[in-house]
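Student: dropping the sequence and predicted coords here.
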Amino acid sequence: MLLLLLLAACAVSQDPPNAPDPTASKDDQGPRLKSRMESVSSGRSNLLDRASASVSVLSGEDLKALGVQTFIDALRLMPGLEVEKISASESAVSVRGYVGPASASQGMLALVDGRQAYNEFFGAPFWETLGIAFGEIKSIEVIRGPGSFLYGPNAMHGLVNITTMSPLDYGEGIYNNHQVFTTIAAGTYAANQESLIYVKREGETGVKVALSHDDMDQFESRGDTKNKIVGSVRLQTRPAEGRELDVTAGASRQKFDALFPETSLLDAATYTTRANEYYLQAKYTLNTGLTLRTSWTRFEADGQPNAIFVPFSLILDTADLDLQYTFSPWRSQNVTIGTGIRYSTFNTGDFDISDGRHATRVEWLFIQDEIVLASELFLTVGVRLDEHSKAGLSPAPRLALVYEFVPPTTIMVDGEPTLSPGQSIRATAGYGYRNPALRELWFDMPITSKFGPSKVIGNPDLDPEMMRSFEVGYWGRPTSSLQAECSIYYNRGDHFVVFVPTAGGARRENRNKEDAYGIETTLEYQLTREVFLFGNYAYSLRHNLNSHVSVAGVSLGDAHNRIPDGPMNKANAGVRYVTTQGLSGMVWINFFDETTFTDKLTGERVGHVPAYALVSGKIWYPIRMGSTDGKVFVQAFNAFNHVHREHPDGDEYGAIAMVGMDIAW
């Protein structure tokens, strides 16, 4: 509380200043290497060769060129990330091989404009249901590994940070000429998308109203699903120099599937869910270095299972308060301190699976210091303390050392001098945690297991899952046209949650230990102003570290056996061609190695997914009519119609093709 009062009395935001330039969009410029200044895990703008973590950034215009219907599929392009399309309304996102039905595949945190879009009941973001209009995304930043503790708890494996265009962003560059932005598209599986964004600006104040509709039929049954409607109103104002207030209110309504995958005890089951979500968030920033952020989210859902479980409804309320203060006590240092609290409470109806209302509270405190040891040597050191009301204290230290052996240079871009990064090597070490989800703590439900009537039992004594991560990396731009990255990592996880047989049912316990190592490489090359080539490759391997231990007569498996849930190999390659006036396009290939899902307790095989490769692309043509700008486009994800499953209990799907247009006036 003392720190809370101190920060309140003082005057860098969790929101990274968005790297992609909004003027580098539509048809006025060709593709480029990533912006010279990017957002990194320090929470502020910095040169990428001085980043203290593995960071990848996708601009909004890159996203629109990929030919995907949802931003989730765009995450396949990021090195180290795995995306499984389970159904038309559900996808799973993991990183560095932590794929699969177990709890270890969670531990990813999502932010939307700084708000923690993390469902505390399920213990993960619902990616497909995030209240975002596809066309308003300004950038997606991915931090791999537990190097993102400035952003909040539960980023054990990494962070996906989504930033949308603010009202005042529309006053910059080509956006300054328009107030209304629309998208209309339709395609296979009866898919259709419509969005409308209206922006009004007067001086240093702007208002944005965004409405969108996204619908698609089920892949296999062709039944209705998704039908997602999203609306939001955002006010941004700078009442005085050095002060900014940003307030957003939003609501969404959708239908989606929630898969409970097969285990050694349970067959697979799917909850068909109708849900409403409402949120309100506000951020106040002072140029003295203080940022105050608060938000409230309500999630209401009514789920109908197809097997095993019983119907139940859920009301989940989550409130956040976060304070950060950044200052430089000396010229060579940049210190960020912060504190906050997150409170979540839920109750269930129809069938009360939780025996009344329950709540958890997480309080945190962190400090991070970025130190310039020499002109080419940079040290980041910090520690985070999370106090969970049920799981207790989780200390997370972090250390990163960056050696910039080739300094940045000044180059000319469109006639303007721009600082271009040099080359560097980096070594990092850190801890990450995932607190137990509400359903893991309190979830008592009768079920029909493989062995007859049984019960899933919650465990209010669970500890946090823990990850220790060590990494070395290279980042460099040896020429103005070539950019290269490479990271080698080792992770050691403990206290992973699994189902353990107990008298009368199954109970979650902190049982599993694992390690993982891998390598990630990326190359980007600017062949000409119009042609941009890229490729990346990731290799990952996980091992079971459990000894010869058995629970209720069931072996936990042999130590050092490979865990085949995640793909050993993943790769992407593509080319983008953009002209200022005529036809433009992009094509890319995504390869995903085979996976064999196993029960984390018994090692029993519960499903297999063969390796697959997807070819996707988009072509577009600009149109201009007076002051109206736009483009018509044709796109296809999985363009060669490779019919496949990406999860053993998921749906089979083929090409997802769409035609449409974007119009701004």
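Tutor: That came in fine, so what should we check first? Keep in mind it's a predicted model, so treat the numbers as computed, not measured.
Student: where along the stretch 301-450 of the chain do the helices fall?
Tutor: 438-441 (DSSP state H, counting those that start in this stretch).
Student: now do the chain
Tutor: 2-9, 60-65, 71-74, 438-441 (DSSP state H).
Student: and these, which one averages the lowest pLDDT?
Tutor: Here the lowest mean pLDDT among those goes to helix 2-9, at a mean of 34.
Student: which residues touch Ser540?
Tutor: Going by C-beta atoms under 8 Å, 6 or more residues apart in numbering, Ser540 touches Gly80, Arg96, Gly97, Ala516, Tyr517, Gly518, Gly566, Pro567, Met568, Lys570. All C-beta spots, glycine's among them, are computed from the backbone N, C-alpha and C.
Student: touching, the last one and Phe592? I think so.
Tutor: Yes - Lys570 lies in contact with Phe592 (C-beta atoms under 8 Å); the separation is 5.9 Å.
Student: show me the common contact partners of the two, please.
Tutor: The contact sets of Lys570 and Phe592 overlap at Glu82 (C-beta under 8 Å, 6+ apart).
Student: more neighbours, those two?
Tutor: When Lys570 and Phe592 are compared for neighbours, Lys570 comes out ahead with 26 against 23, by other C-beta atoms under 10 Å.
Student: which residues does the more buried one bridge with?
Tutor: Ala538, Phe592 (DSSP bridges).
Student: kindly provide the distance from it to Glu594.
Tutor: 11 Å (C-beta to C-beta, to the nearest Å).
Student: low-scoring stretches of the stretch 451-600 of the chain, by residue?
Tutor: 547-560, 600 (pLDDT under 70).
Student: repeat that for 80
Tutor: Residues of the stretch 451-600 of the chain that meet the criterion pLDDT under 80 lie in 451-453, 503-505, 546-560, 580, 598-600.
Student: show me where it has its strands.
Tutor: 452-457, 465-479, 482-502, 505-526, 531-544, 550-551, 554-555, 562-563, 569-577, 584-592, 595-598 (DSSP state E, counting those that start in this stretch).
Student: next, give phi and psi for Gly131.
Tutor: Backbone torsions of Gly131, given as degrees, to the nearest 10, read phi -80, psi 70.
Student: ok, for it, nearest residue in space, not its chain neighbours?
Tutor: Ser252 (4.1 Å; C-beta to C-beta, 6 or more residues apart in numbering).
Student: for that neighbour, give me its contacts.
Tutor: Thr129, Gly131, Lys228, Ile229, Val230, Gly231, Asn276, Glu277.
Student: go on, Lys390?
Tutor: Applying C-beta under 8 Å, 6+ apart to Lys390 gives the contacts Thr360, Pro436, Leu441, Pro460, Asp461, Leu462.
Student: same question, Phe534
Tutor: Thr522, Leu523, Glu524, Tyr525, Asn572, Ala573, Gly574, Val575, Arg576, Trp588.
Student: close enough to count as contact, the last one and Asp73?
Tutor: No - with contact defined as C-beta under 8 Å, Trp588 does not reach Asp73; the gap is 11.2 Å.
Student: touching both of these two, which residues are there?
Tutor: Common neighbours of Trp588 and Asp73, counting by C-beta under 8 Å, 6+ apart, are Leu66, Ser616.
Student: re earlier: mind putting the strands of the stretch 451-600 of the chain in a markdown table, distance to Val247 included?
Tutor: Putting these into a markdown table (distance: least, C-beta to C-beta, whole Å) gives the following:
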| stretch | distance to Val247 |
| --- | --- |
| strand 452-457 | 41 |
| strand 465-479 | 35 |
| strand 482-502 | 37 |
| strand 505-526 | 37 |
| strand 531-544 | 37 |
| strand 550-551 | 50 |
| strand 554-555 | 53 |
| strand 562-563 | 45 |
| strand 569-577 | 36 |
| strand 584-592 | 36 |
| strand 595-598 | 43 |
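Student: burial measure for the residue nearest to Lys455 when sequence neighbours are not counted, as a count.
Tutor: Among residues not flanking Lys455 along the chain, Gly505 sits closest, at 3.4 Å (C-beta to C-beta, 6+ apart). A count of nearby residues for Gly505, using other C-beta under 10 Å, gives 18.
Student: tell me the bridge partners for Gly505.
Tutor: Where Gly505 sits in a bridge, its partners, by DSSP bridges, are Thr502.
Student: do I have it right that it meets Phe451?
Tutor: No - contact criterion C-beta under 8 Å: Gly505 and Phe451 do not qualify, at 10.3 Å.
Student: for the residue most central in space within the chain, give me its contacts.
Tutor: The centroid of the chain falls nearest to Val160 when counting by C-alpha atoms, centre = their mean (2.6 Å). Shown in contact with Val160 (C-beta under 8 Å, 6+ apart): Leu75, Val93, Met108, Leu109, Ala110, Leu111, Pro125, Ile140, Glu141, Val142.
Student: recalculate using a threshold of 7 Å.
Tutor: Leu75, Met108, Ala110, Ile140, Val142 (C-beta atoms under 7 Å, 6 or more residues apart in numbering).
Student: what's around the first one, how many residues?
Tutor: In other words, Leu75. Neighbours around Leu75, by other C-beta under 10 Å: 22.
Student: from Tyr612, how far off is it?
Tutor: 17 Å.
Student: same deal with the fourth one?
Tutor: In this structure, Ile140 and Tyr612 are separated by 23 Å, where distance is defined by C-beta to C-beta.
Student: tell me the pLDDT at the closest residue to Gly107 other than its chain neighbours?
Tutor: Residue nearest to Gly107 in three dimensions, not counting chain neighbours: Met156, with 3.5 Å by C-beta to C-beta, 6+ apart. Note on Met156: pLDDT of 88.
Student: pretty sure Met156 contacts Pro146?
Tutor: Yes - under the criterion of C-beta atoms under 7 Å, Met156 makes contact with Pro146 at 5.8 Å.
Student: now do the shared contacts for these two.
Tutor: Applying C-beta under 7 Å, 6+ apart, one finds that Met156 and Pro146 are jointly contacted by Gly432, Met467.
Student: tell me which helix or strand of this structure sits lowest on mean pLDDT?
Tutor: Sorting the helices and strands of the chain by mean pLDDT, DSSP states H and E puts helix 2-9 at the bottom, at a mean of 34.
Student: contact partners for Val233?
Tutor: Val233 neighbours (C-beta under 7 Å, 6+ apart): Val209, Ala249.
Student: quickly list what it is bridged to.
Tutor: In beta-bridge terms (that is, DSSP bridges), Val233 pairs with Val209, Ala249.
Student: how many neighbours does Ser328 have?
Tutor: Per other C-beta under 10 Å, the neighbour tally for Ser328 reads 11.
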